[in-house]
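*Asks:* Whatever this is, show me its structure:
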Amino acid sequence: MQTSERPLSPHLQIYRWQLTSTLSIAHRATGIALSVGTLLLTWWLIAAATGPEAYAQVQGFMSSWIGILLLIGWSFSLFYHLCNGIRHLVWDTGHGLDIKTVYQSGWTVVVASVALTLLAWGAALAQMGRG
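*Replies:* Now for the predicted structure:
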């Protein structure tokens with residue numbers, strides 16, 4: 001018998017990324033990001049309860065460029081995880097499982113997540129400007 005030189009499973013050299021697999025991985029990643037973000041929120045709450053010095057230290061970090069980047073990422077993770085979770089709840093009812101609708105709802109999740117993140121940050125910045 002002659003052995004074949006072809007790979008038995010898809011390798012990274014020939015694998016084409018699909019929206020469905022990307023969104024699935026992103027859902028898991030945003031779940032992890034939400035856990036890490038919750039640690040930041042806990043740090044902020046403990047600092048607020050501890051006193052003005054501790055609170056000022058946390059506020060200083062959160063208002064730095066890396067703190068703002070983490071907060072924006074946490075906000076996006078929250079909205080993405082929420083929107084994709086709603087998508088999965090719709091799937092649980094047996095609706096939207098054809099490939100065309102799966103891709104449409106996937107892109108809707110991405111656009112809605114970005115839009116909600118921008119809307120939330122726009123509202124927050126507008127509120128800060130009024131203060």
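
*Asks:* State the helix or strand in which Gly94 lies.
*Replies:* Of the helices and strands defined by DSSP states H and E, none includes Gly94.

*Asks:* So what does it have for phi and psi?
*Replies:* Dihedral pair for Gly94: phi 90, psi 10, per degrees, to the nearest 10.

*Asks:* For Arg130, which residues are in contact?
*Replies:* Under the criterion of Cβ atoms under 8 Å, 6 or more residues apart in numbering, Arg130 has no neighbours. Just so you know, the C-beta spots here come from the backbone N, C-alpha and C atoms, and that holds for glycine as well.

*Asks:* where does it land on pLDDT?
*Replies:* Listed pLDDT for Arg130 reads 74.

*Asks:* Show me which residues of stretch 98-117 are buried.
*Replies:* Residues Ser105, Gly106, Val109, Val110, Ala112, Ser113, Leu116, Thr117 are the ones in stretch 98-117 that count as buried (16 or more other Cβ atoms under 10 Å).
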